[in-house]
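Engineer: sequence first, then the predicted structure:
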Amino acid sequence: MKANIIIALLISLMATTVIAQQNIPGFISNSYLQSSNLLSNVSSLTNYRSGKNIPSYIAEEITNNNTYYKISCQPKGASIASWGLATIRCSKNSGGPHGIVSTLNSYYNLLIVDDDEDDYHKEFVTTSSVHGGFFFNTKKNYIYIIMLSRPEQHFAMAKIEINNLTVEQMKAFARDFINNTVFQ
């Protein structure tokens, strides 16, 4: 029952938006998302995943809703960078206001339904132009980041899959990703 309510909320939220159709550079900018690191076909995405030991649990496809980037970060004190994969989805707000807390919590509740909530970290980050938040399972290698522009409330979501980061490094990376995002 709870999952049905959450799914209904997400569907209604997404029904009020128009997909940005893989025009991420025209929608947001972020120093982690370089055009030279765009993975624009299934072959390059599959090869990159394989080379960086980032497994895929579903069949790979490039759609108008998702854009894939190779990303890297060098945590403080680390001698080498950690490489990963960013899946980005954006949409313009064409409906009423949606706050970051309710938006992030909707995704959070949906995605942790089969997991132990004690294994998750969730946090909010706000700037004058972006209200964001993130969550991740402390036992896995991916971070979900949700952002809304201020005051328009356009939407961007990133799923970051990155190996070899500690929990503290994942938190620092997610905060930095949000702080470096600018909606166009």
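Structural biologist: Thanks, I have it.
Engineer: so where's this protein uncertain?
Structural biologist: Judged by pLDDT under 70, the chain has its weakly predicted residues at 1-23, 94-97.
Engineer: just the strands in it please.
Structural biologist: For the chain, strands defined by DSSP state E occupy the ranges 17-19, 28-29, 38-39, 67-73, 82-93, 120-126, 130-137, 142-149, 155-162, 182-183.
Engineer: include distance to residue 168 and mean neighbour count when you put those strands into CSV, please.
Structural biologist: Glycine gets a C-beta too; all of them are placed from N, C-alpha and C. Listed next are these as CSV, based on distance: least, C-beta to C-beta, whole Å; neighbours: other C-beta atoms under 10 Å:
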stretch, distance to residue 168, mean neighbour count
strand 17-19, 33, 14
strand 28-29, 26, 18
strand 38-39, 28, 18
strand 67-73, 13, 21
strand 82-93, 13, 20
strand 120-126, 10, 16
strand 130-137, 12, 22
strand 142-149, 13, 22
strand 155-162, 14, 22
strand 182-183, 26, 16
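Engineer: columns distance to residue 55 on top of those strands, output as a markdown table?
Structural biologist: Listed next are those as a markdown table, based on distance: least, C-beta to C-beta, whole Å:
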| stretch | distance to residue 55 |
| --- | --- |
| strand 17-19 | 27 |
| strand 28-29 | 27 |
| strand 38-39 | 16 |
| strand 67-73 | 15 |
| strand 82-93 | 11 |
| strand 120-126 | 20 |
| strand 130-137 | 15 |
| strand 142-149 | 11 |
| strand 155-162 | 9 |
| strand 182-183 | 32 |
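Engineer: residue 104 - nearest residue in space that isn't next to it in sequence?
Structural biologist: The spatial neighbour of residue 104 that comes closest, neighbours along the chain excluded (C-beta to C-beta, 6 or more residues apart in numbering), is residue 133 at 3.9 Å.
Engineer: rewinding a little: quick one: which of the strands of the chain is nearest residue 175?
Structural biologist: In this view, these are compared for proximity to residue 175 by C-beta to C-beta, and strand 120-126 is the closest at 5.3 Å.
Engineer: show me what the closest one pairs with in its sheet, parallel or antiparallel.
Structural biologist: Sheet neighbours of strand 120-126, with direction, are listed as strand 130-137 (antiparallel) (DSSP bridges).
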